[in-house]
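J.: what follows is a predicted structure for the sequence shown.
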Amino acid sequence: MKSAVVVFPGSNRERDVMKALGAVSGAAPVAVWHADTTLPDVDLVVLPGGFSYGDYLRSGAIAARAPIMAAVKAHVERGGLVIGICNGFQILTEAGLLPGALMRNAGLKFVCREVKLQVAATDTPFTRLYEQGQVLRCPVAHHDGNYFADADTLARLEGENRVAFRYAEGTNPNGSINDIAGILSENRRVLGMMPHPENLIEPLQGGLDGRPLFESLAAAA
Ligand SMILES: NC(=O)CC[C@H](N)C(=O)O
């Protein structure tokens with residue numbers, strides 16, 4: 001699987017996700033700078049976690065207008081795979097590539113802890129190696145993770161089975177509507193999620209629950 005990881009000023013999880021992709025797929029991802037205007041020929045584009053442009057204006061709002069994003073949109077239009085993790089999810093909603101918005105956490109505090117995630121959809125290139133309903137451990141670290149969408153959008157997401165992950169067992173850390181932790185685009189090739197699967201891919205990190213996501217991608221591409 002060929003992949004590119006977009007680095008913005010203030011990204012801080014790009015190394016984690018590059019390591020996860022390299023370890024699972026055997027191919028080192030290419031780092032692409034936000035000011036670049038073209039992507040290399042890749043199957044997967046990753047928008048990593050962090051604090052792009054210092055989270056000024058709104059988390060992800062400035063990054064969504066960075067020069068590289070036109071190439072990311074063209075990649076999506078070609079049916080390419082994209083995953084946005086945490087700040088990457090915020091960037092995808094701000095860019096209009098996924099519906100809804102990530103608001104300030106309901107508790108108005110930054111949360112950095114482990115949650116439980118339930119796999120809500122397995123017919124996706126990101127989750128096919130999980131079991132439907134499987135509960136995973138996964139870390140979160142954010143202040144703007146409170147997913148919101150209007151009633152029509154929510155009905156559509158639920159009706160089209162586009163919720164990939166939900167917070168499980170009362171662990172919703174941010175007030176997200178319907179316990180939504182991650183959603184898919186209409187063609188199921190773009191995933192945005194707040195938790196960090198790249199931080200549970202080897203025993204040294206305390207678990208392997210994030211690994212099947214990267215293995216699913218490696219098998220899909
Ligand atoms: N870990 C992250 O990607 C943080 C995301 C975002 N900047 C927030 O705090 O909401």
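T.: Yep, that arrived.

J.: quick one: the helices in this protein?
T.: All helices of the chain, identified by DSSP state H, fall at 14-25, 69-77, 87-94, 151-159, 211-220.

J.: and these, which is most packed in?
T.: The highest mean neighbour count among the helices of the chain, using mean count of other C-beta atoms under 10 Å, belongs to helix 87-94: a mean of 28. Just so you know, the C-beta spots here come from the backbone N, C-alpha and C atoms, and that holds for glycine as well.

J.: angle of it against helix 69-77?
T.: Relative orientation of helix 87-94 and helix 69-77, computed by axes from the mean of the first three to the mean of the last three C-alpha atoms, to 10 degrees: 80 degrees.

J.: that older thread, the ligand: which of the helices of the chain is closest?
T.: helix 87-94 (3.5 Å; C-beta to the nearest ligand atom).

J.: circling back: and the helices of the chain as a markdown table, adding distance to residue 62?
T.: Formatted as a markdown table, these follow (distance: least, C-beta to C-beta, whole Å):
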| stretch | distance to residue 62 |
| --- | --- |
| helix 14-25 | 17 |
| helix 69-77 | 10 |
| helix 87-94 | 9 |
| helix 151-159 | 24 |
| helix 211-220 | 27 |
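
J.: thought residue 88 was touching residue 192?
T.: Yes: assessed by C-beta atoms under 8 Å, residue 88 is found in contact with residue 192 at 6.9 Å.

J.: could you dump the helices of the chain to JSON lines with distance to the ligand and mean pLDDT?
T.: Shown next, in JSON lines, are these (distance: least, C-beta to the nearest ligand atom, whole Å; pLDDT from 0 to 100):
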{"stretch": "helix 14-25", "distance to the ligand": "10", "mean pLDDT": "96"}
{"stretch": "helix 69-77", "distance to the ligand": "17", "mean pLDDT": "98"}
{"stretch": "helix 87-94", "distance to the ligand": "4", "mean pLDDT": "98"}
{"stretch": "helix 151-159", "distance to the ligand": "21", "mean pLDDT": "98"}
{"stretch": "helix 211-220", "distance to the ligand": "16", "mean pLDDT": "96"}
